[in-house]
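Participant: Here's a sequence, model it:
(2 chains)
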Amino acid sequence: MTANLLPPAAIFILGSILVPFLRGRGKSVYMLLLPAAAFGVLLMLPEGTFWTREFWGQTLVLGRVDKLSLVFGYIFTIMAFLGILFALQVDDDLQHVAGLVYAGSTLGVVFAGDFLSLYIFWEFMAVSSTFLILASRTRQAREAGLRYILVHLIGGLFLLAGIVLQVKSSGSLQFDYIGLDKAGSYFIFIGIALNAAAIPLHAWLPDAYPQGTPTSTVFLSAFTTKSAVYLMARTFPGAAPLIWIGAIMVFVPIFYAVLENDIRRVLAYSLLNQVGFMLCGIGIGTALALNGTVSHAFCHILYKALLFMAAGSVLQMTGKIKCTEIGGLYKTMPLTCLFCMVGAASISAFPLFSGFVSKSMVVSASAHEKMAVVWLILQFASAGVFHHAGIKVPFFTFFGHDSGIRTKEPPWNMLLAMGLAAFLCVFIGIYPDPLYRILPFPVDYVPYTGAHVVGQLQLLMFGALAFALLILSGYYPPEIRSLNLDVDWFYRKFGRGAYLVLDRGLNRINTICETTIRAFARGVARASRDAVAGLLLFVSVNFWIAAGYRGKRLDMKKSRLYHDVREGTLPIGFGAGVATLFIFLVYVLT
Amino acid sequence: MRTELSIFDKPRNVSRLLRGFYCALILLLLAELFIHKHHGFPWEEAFGFFAVYGFVSCVLLIFLAKILRRIVMRKEDYYDR
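Facilitator: I've put the predicted structure just below:
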C-alpha cells in the first residue's frame, strides 16, 4: 500500500512547485491540502522502513517510521497547516514556496534513515529558511539572513565531516543511536547542537528570527530547532553534556528575555529556554525524560507558534513590535490578546494548559535521577519563563501603558490559525492522553496530582506577585530602546576586526607570494628558452662552419635562428630535430 | 481619537484585580495543608517551599538582569556604526 504513497517530504517539496501558478481561493485551498495530504499519509503509515532506494551499493531510506519519528511527523505537519493558514493572505510566492520547502525538508530530516538523505534535507532546510528571513526585504533582514546562512553552512560542514568520519569507520550510511565516543560523533553532535541553538552556538536565532515577516517567523520558530531536538533524541540520548548545556540554556536566556525590548526577540530568547528543557531531558536520557522531551517539543511547537502568531498579528496590524512603542492593545485586539494569553499560560505550564503536562515530565525525571542542582535550575527557569513569556509578553503588548494605538483584529485566517493553536494548547492541557499515547515510550506519569498542581501554582503565582510588586514599586527594569550584546558580537564586531587583520595580513602574504612566484616563473621561462636557443646555436654553428659559412653571413644566420627560437617562429621540423638530438645526447651520455 | 475608558483604565478595577490576586495567593498557601505530598527532595516537604522559591527566583531574576543590563546594553545602532 505504502508503495503508492508519496513521502510526506515529497508532497510538500514537489507540491510547492505549483504554488506560483495558482491564484485566489484555489491557491489557498491547494496550499492547505498539502499538509492535510501529508498528515493523511502519516496516519496510514505503519511502523517500518519505506521508500528505500539503492544508491552506489548503499541503501537510502526516506521512510524510517517508528514512534519517535511519527510523533515529530505529526506535529510538523500540524504546524505546517497552521503556519500556512496564518499566512494565507500574504501575496508573496517566495514566502509560500520557501515555507513549504522548509516544512517538507524538515519532514525529510525526521524520516531519513541514512546520513546522505539526512544531510541533503538538512541543507535544504538551511537554504529555504534563509529565504523566509530575507522575505522581509529590509536591510536588517538581508544582513541577518546572510549571517544566518553562513552560520548554518558551517554547522552543516560539521555535520558532513562527522558523517564522513562515521561512515568511514562503520562502512554504512544507515544511522540510529550514535552516542558520544569517536571523533566523528563529536562533529555530528556539534552540527546538530548548532541547529538546536545550543549555547554557545545559539546567537543566530535571536539575531535572525525576529527579522522575519509577521508570518514567516511563525514557520521559523517551529522547524529548525525542533528537528534538531528530534535528531539529538535519536542519536545522542543520555549524552551527559546535554544535561548541563540544557541547564545553562534554560537559565541564561531568561535574563536576556527580561531585558529585551522587541517582543519577537523576547520570544526568541524564551524559545532558547524551552529548547533547554528538551536538551536537558535528552541528556538525562531515561524513558520518562525522553517522553518529556518529545511531548514538550510537541506542545512547545504549538504554543510558541501561537505566541509568534500573536506577535505577528500585532506587527502586521500596527507595524510596531517594540515594548516601548506598543501597549494597551487589548482594547482593539481582544481576541488576539486572549489567544496570546492562552499561549502565555501554556508556555508557563499553568495547570489545564499544555506546558503543564509536558514540561513537568522533564522536571520529574531530574528528580527521579536525584539531580538536585538541575532540578533547582529547572524550577528557577519555570518561574522565570512565567515571568518573561507568561507575563511580560502579554502585559507590555496588550496592557501596560496605553500607546494610544487604535487598530483592529487581524484577518479571519490569522485569527482562525491562532484559535486552532489555542484550542490544541488547552485540549492537550486538559486531556493529555492522546499525546501520551503517541510518545516513544509507554507513559506511566500522572500530571494532575494535588501536590503537583498546588506546587506549580504557588511557584507561578508567587512569581507573579514578585512581578506585580516590582512593577508597582518602580524597581522593574524600564523598557528601553536598546540592543543587548550576545555571543554574535564575536562574529559581528570582532569579526569585522578579524576581517581587517585578514585583509591586511593575508593579502600582504598574497602579494609577496605572487611577486616571488612570478619572478621565479619568469626566470625559469627565460632560462629554458635560452637553453634551447643555446643548444640549437651550438649544433647549428658547427654545422654552418662545416658547410663553409663565415663572417657576416654566419652572424646573420645566428641572429635569425636566435630570434626564431625566442619568438617561437621556428619551423616545427627544427624543434623536432632538436628534441631528437637531445634524446640522442641523453642516450649517448648515460 | 475617541478617549473611551476601558476596563483597566479605571484604578478601581485594577485594585479589585490585585485584591483578588492576593486572595488567590492566600488560598494557594491554605490549599497546601490539605494535599498529600510526593516523596521528592526533602525541601519539598517544607511548607510554602514553592511559593518562596517562585518569589525569590523572580526577584533574583530581575536583580541579576539589571546587573546584566549594565554590562551588555548598547545603543540600538551599535552594529551599524
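
Participant: Now residue 34. Nearest residue, chain neighbours left out?
Facilitator: Just going to use chain A. Among residues not flanking A:L34 along the chain, A:G15 sits closest, at 4.5 Å (CB to CB, 6 or more residues apart in numbering or on different chains). For the C-beta atoms, the positions are set from N, CA and C on the backbone; glycine is no exception.

Participant: other chain: chain B
Facilitator: With CB to CB, 6+ apart as the criterion, B:F34 has its nearest non-adjacent residue at 7.7 Å, and that residue is A:G450.

Participant: do you know how far the residue lying closest to A:T138 once chain neighbours are set aside is from A:A344?
Facilitator: Here the nearest residue to A:T138 in space, its sequence neighbours aside, is A:Q211; by CB to CB, 6+ apart that works out to 7.3 Å. Distance of A:Q211 to A:A344, computed by CB to CB, to the nearest Å: 23 Å.

Participant: Could you list the low-confidence segments of the stretch 301-450 of chain A?
Facilitator: Judged by pLDDT under 70, the stretch 301-450 of chain A has no weakly predicted residues.

Participant: show me the contacts for the residue in it positioned nearest to chain B.
Facilitator: Scanning the stretch 301-450 of chain A for the residue nearest chain B gives A:G450, at 3.5 Å (criterion: CB to the nearest CB). When the contact criterion is CB atoms under 8 Å, 6 or more residues apart in numbering or on different chains, the partners of A:G450 are B:34-36.

Participant: Distance of it relative to A:H563?
Facilitator: On the measure of CB to CB, A:G450 and A:H563 end up 107 Å apart.

Participant: swap in B:A24?
Facilitator: For B:A24, the distance to A:H563 equals 105 Å [CB to CB].

Participant: Find the least confident helix or strand in chain B, judged by mean pLDDT.
Facilitator: In chain B, the helix or strand scored least confidently by mean pLDDT, DSSP states H and E is strand B:73-74, which has a mean of 83.

Participant: Which neighbouring elements make contact with that strand?
Facilitator: strand A:483-484 (3 or more CB pairs under 8 Å, 6 or more residues apart in numbering or on different chains; DSSP states H and E).

Participant: Could you tell me which residues of the stretch 51-200 of chain A lie near chain B?
Facilitator: By the criterion of CB under 8 Å from any CB of the partner chain, no position of the stretch 51-200 of chain A is found lying close to chain B.

Participant: all helices of the stretch 51-200 of chain A, in order?
Facilitator: Assigned by DSSP state H, counting those that start in this stretch, the stretch 51-200 of chain A shows helices spanning A:67-86, A:93-111, A:115-134, A:139-170, A:183-195.

Participant: The stretch 251-400 of chain A too?
Facilitator: Shown for the stretch 251-400 of chain A, the helices assigned by DSSP H, counting those that start in this stretch span residues A:263-284, A:287-318, A:334-347, A:354-368, A:372-385, A:393-398.

Participant: still on that earlier bit, mind putting the contacts of A:G450 in JSON lines, secondary structure and neighbour count included?
Facilitator: Formatted as JSON lines, the contacts of A:G450 follow (DSSP: H, G, I helix; E, B strand; the rest coil; neighbours: other CB atoms under 10 Å in any protein chain shown):
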{"residue": "B:F34", "secondary structure": "helix", "neighbour count": "8"}
{"residue": "B:I35", "secondary structure": "coil", "neighbour count": "14"}
{"residue": "B:H36", "secondary structure": "coil", "neighbour count": "7"}
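
Participant: now, among those, which is nearest to A:E567?
Facilitator: When those are compared for distance to A:E567 (CB to CB), B:I35 wins out at 103.1 Å.

Participant: tell me the contacts of that closest one?
Facilitator: Under the criterion of CB under 8 Å, 6+ apart, the contact list for B:I35 reads A:450-451, A:454.

Participant: Next: B:D77.
Facilitator: Residues A:L483 are the ones in contact with B:D77 under the rule CB under 8 Å, 6+ apart.

Participant: pLDDT score for it?
Facilitator: On pLDDT, B:D77 comes in at 80.

Participant: A:L483 versus that one, what's the distance?
Facilitator: 8 Å.

Participant: Quick check: the gap between B:C23 and B:S6.
Facilitator: 24 Å.

Participant: One more: A:G384?
Facilitator: A:G384 is 30 Å from B:S6, where distance means CB to CB.

Participant: Equivalent analysis for A:I583, please.
Facilitator: Distance, A:I583 to B:S6, by CB to CB: 102 Å.

Participant: same thing with B:I35?
Facilitator: Distance of B:I35 to B:S6, computed by CB to CB: 38 Å.

Participant: swap in A:A521?
Facilitator: Distance from A:A521 to B:S6, by CB to CB: 81 Å.

Participant: got it, and B:L61?
Facilitator: Counting by CB to CB, the gap from B:L61 to B:S6 is 30 Å.

Participant: what's near enough to touch A:N261?
Facilitator: The contact partners of A:N261, by CB under 8 Å, 6+ apart, come to A:322-324, A:479-482.

Participant: Write the ChimeraX selection for whichever of those residues are buried.
Facilitator: Buried residues among the contacts of A:N261 (16 or more other CB atoms under 10 Å in any protein chain shown), as a ChimeraX selection:
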select /A:322,323,324,479,482
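
Participant: now the helix or strand hosting A:A38: mean pLDDT?
Facilitator: Element membership for A:A38, per DSSP states H and E: helix A:24-44. Along helix A:24-44, the predicted confidence averages to a pLDDT of 92.

Participant: Remind me which helix or strand A:T49 belongs to.
Facilitator: Remark: A:T49 resides in strand A:48-55, with elements defined by DSSP H and E.

Participant: what comes up buried for that strand?
Facilitator: Counting neighbours by 16+ other CB under 10 Å, strand A:48-55 gives A:50-51 as buried.

Participant: Just the mean pLDDT for that strand, thanks.
Facilitator: Rounded to a whole number, the mean pLDDT of strand A:48-55 is 85.

Participant: Spatially nearest residue to A:T407 (excluding sequence neighbours)?
Facilitator: In space, not counting the residues next to it along the chain, A:T407 is nearest to A:M317; the distance is 4.5 Å by CB to CB, 6+ apart.

Participant: my read: that neighbour touches A:K408, true?
Facilitator: Yes: in this structure, A:M317 sits in contact with A:K408. The criterion is CB atoms under 8 Å, and the distance is 6.8 Å.

Participant: Need the residues touching each of the two.
Facilitator: Residues touching both A:M317 and A:K408 (CB under 8 Å, 6+ apart) are A:M333.
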